[in-house]
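Trainee: mind looking at a prediction? Sequence and model below.
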Amino acid sequence: MTDLKHRLGDALAAAFVALDLPPELGRVTPSDRPDLADFQCNGALPAAKKAGRNPRDIATQIAEGLAGNPDLASVEIAGPGFINLRISDARLAQRANEIATDPRVGADQVEAPRRVLIDYGGPNVAKPMHVGHLRSSILGESLKRIFRFRGDEVVGDAHFGDWGYQMGLLIGAVLDENPGLSGLVERLNSPETETVTEGEAFKAQADTITLADLDRLYPAAAARGKEDADYRDRARRLTVELQAKRPGYYRLWQHFARVTQVALARDFHALGVDFDLWRGESDVDGLIPDMVHDLDQRALLMDDQGARIIRVARQGDKRELPPLLVVSSAGSAMYGTTDLATVLDRKQTFGPDLVLYAVDQRQADHFEVVFRAAVLAGYAVEGSLEHIGFGTMNGTDGKPFKTREGGVLKLNDLIEMTRTKARERLTEAGLGSELAPEAFEQTASQVAVAALKFADLSNYRGTSYVFDLDRFSSFEGKTGPYLLYQAVRVKSVLRRATDQGLQAGPIQLTDPAERELILLLDAFDSALSEAYDKRAPNLLAEHAYKLAQTFSRFYAACPILPAEGAVRASRLTLAQTTLKQLELALDLLGMHAPDRM
RNA sequence: GUGCCCGUAGCUCAACCGGAUAGAGCAUCCGCCUUCUAAGCGGACGGUUGCAGGUUCGAGUCCUGCCGGGCACGCCA
């Protein structure tokens, strides 16, 4: 299964080779001038530069070499030496029918599947997810689907942030606020004298601590820890105690994790995001002592200012990278320690060829340090760990997104706000009375998710973007709901066709709008493979948008049901195929189109 | 201070190893529902790609400098 771009590229490459020129000059791209051609090849320009010849002469010779190619309706030389190619109707129709019967709707697979682990979401204990988690979740989920569809063996891991100093801070803050609980925890720290009543009393008291409490206590504790040295030292000691699994602290921590997870599951589910693995930092904690020993044995660890570090600076670095801090001066494991242990754990349990970390761009240096340390330690091979950084989501003022009160907007609230907008719009469209309440609610969710996800994924991940709910959910123009709406229109037409007992048939060309649509259907593989190579779903989002837009033009220009005979049959197939590819692209982006909206 | 990223239409964003006339959406204006969902389609308007140099037949894209913005720079994660 080869798309037209590559098929023509092969023909061009052969023509270049016939002139003793390198085949890569035959690279074919969609035409920049659709009024002049379907595809173009610019290879004559660099060829002429190298040989000191006139590019138009080379282009003319290439064109002569293509004479008689049945795929081509015309080959023309334009400008300084562009080779303009127009595909023949016969070949285009043939390709259209090929895509129509292909279960993958024209998309190829990778030649050598790899084992890929994608680390995304990154929720933390005690902190409800906020808008900052949105991008990681949306991006990671889409990459997971794209990689999987391309044929790799992929697992997604939430990588729960449930360990470390923050937990020590939190335990301290909770105990301070609940003196009764504090006493119980101290008692439980000596389990040999624990009574049944104490165990039950602990459970009852712990259960009164909600996620909202944790969310309130943590920022205050973190702030105080920065200023108050004694408070900070105590939190560090508690962290060490927790890491030693002192029973009272450990049980309290388990409660924190449980409470948090319930809320996380709800938010992820609402976004259509799910994980194959729900590993946490705490899961690799047990590996750390042996890992530190191993690093020490191999003389990678150095003592520095009371801490133990791995130096990762290399010659030729443009600036000095900080070392990886493996053991803090207080004796506890650090963020980077856990990340390194996670690399080791994944090597042992999954053996990935590639690990992608969908994490905020601001952590680029941190990951560079961890990756270098992992390579030095032999836990990963160079290049197998990749940080997929992304920019921040800003408010309409251009600054990192805040609520009107200046706080951080919780992800759940954001989703609910978007759903409210979707409900309003659906009601305006009169769907409130047409659909059963559950179906209405489900449709509102699908529209809301599409609004959020498309707004995010249509931007290149590396850049920051402005979050503007009114714009995203206006449902007009380049938005998620627009994509869903186009899918819904096709579904509606196909439903009617089925009701009328109409049959689809082979695709034939009768109108320029059909040509355009088929050329776009053919471009799916390029969009998908480029999104895969660059880990950039925005390229796929762009394709989905163009497909929806091109279909809409086709829909306006070419009546489907009112047409007759073979033309109607052909257009029905074209509509079916467009729907299949559009729904597939939406699925890879993490969206789903309802039947009506 | 050092390093990384960014600067494109009034606004939000694209632009496939450097290629023809830099594209979409929103906003503004004009047109299109007695044919399939008008959340739609067509058209108009809108650009010195931050500034100044350089490389090249050709630069939004590569190089240098400057201006402006964001971010990161070991004991939080």
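Mentor: Yes, it's here. Numbering: from 1, shown residues only, chains lettered A, B, ... in the order given.

Trainee: what's the spacing between the residue in chain A that RNA strand B sits nearest to and A:Leu539?
Mentor: Closest contact between chain A and RNA strand B, by Cβ to the nearest atom of the strand, is at A:Gly477 (2.2 Å). Where you see a C-beta, it was placed from the backbone N, CA and C, and this is true even at glycine. Look at A:Gly477 and A:Leu539: by Cβ to Cβ, to the nearest Å, they are 19 Å apart.

Trainee: again with A:Asp397
Mentor: Distance from A:Asp397 to A:Leu539, by Cβ to Cβ: 29 Å.

Trainee: between the two, which has more neighbouring residues?
Mentor: Between A:Asp397 and A:Leu539, A:Leu539 has the larger neighbour count (other Cβ atoms under 10 Å), namely 21 against 9.

Trainee: for the stretch 251-400 of chain A, give me the ranges with low pLDDT.
Mentor: Within the stretch 251-400 of chain A, no range satisfies pLDDT under 70.

Trainee: residues from it in reach of RNA strand B?
Mentor: Proximity of the stretch 251-400 of chain A to RNA strand B is confined to A:281, A:304-307, A:309, A:318-319, A:322-323, A:325, A:328-330, A:332, A:334-335, A:338, A:361-366, A:391-392, A:394, A:398, A:400 under the rule Cβ under 7 Å from any atom of the strand.

Trainee: from the residues you listed, which land in strands?
Mentor: A:Asp304, A:Ala307, A:Ile309, A:Leu325, A:Asn394 (DSSP state E).

Trainee: contacts only, for A:Val284.
Mentor: Neighbour list for A:Val284: A:Thr338, A:Ala341, A:Thr342, A:Leu344, A:Asp345 [criterion: Cβ atoms under 8 Å, 6 or more residues apart in numbering].

Trainee: likewise for A:Pro352?
Mentor: If a contact means Cβ under 8 Å, 6+ apart, then A:Pro352 has A:Arg114, A:Arg115, A:Val116, A:Leu117, A:Arg346, A:Ser384 as its contacts.

Trainee: farthest pair in those residues?
Mentor: Pairwise distances across these (Cβ to Cβ) peak at 13.8 Å, for the pair A:Arg114 and A:Arg346.

Trainee: settle it for me: which of the two has more neighbours?
Mentor: Under the neighbour definition other Cβ under 10 Å, A:Arg114 and A:Arg346 were set side by side, and A:Arg346 has more, 23 against 15.

Trainee: quick check, that one in a strand?
Mentor: No. Secondary structure of A:Arg346 (DSSP: H, G, I helix; E, B strand; the rest coil): helix, not part of a strand.

Trainee: drop anything exposed from the residues of the stretch 251-400 of chain A next to RNA strand B.
Mentor: When these are checked for burial by 16 or more other Cβ atoms under 10 Å, the buried set is A:281, A:307, A:309, A:323, A:325, A:328, A:330, A:332, A:334-335, A:338, A:361, A:363, A:366, A:391-392, A:394.

Trainee: state the distance from the residue nearest to A:Gln581 when sequence neighbours are not counted to A:Ala523.
Mentor: Distances taken as Cβ to Cβ, 6 or more residues apart in numbering place A:Val105 nearest to A:Gln581, at 4.3 Å, with adjacent residues excluded. As judged by Cβ to Cβ, A:Val105 and A:Ala523 stand 12 Å apart.
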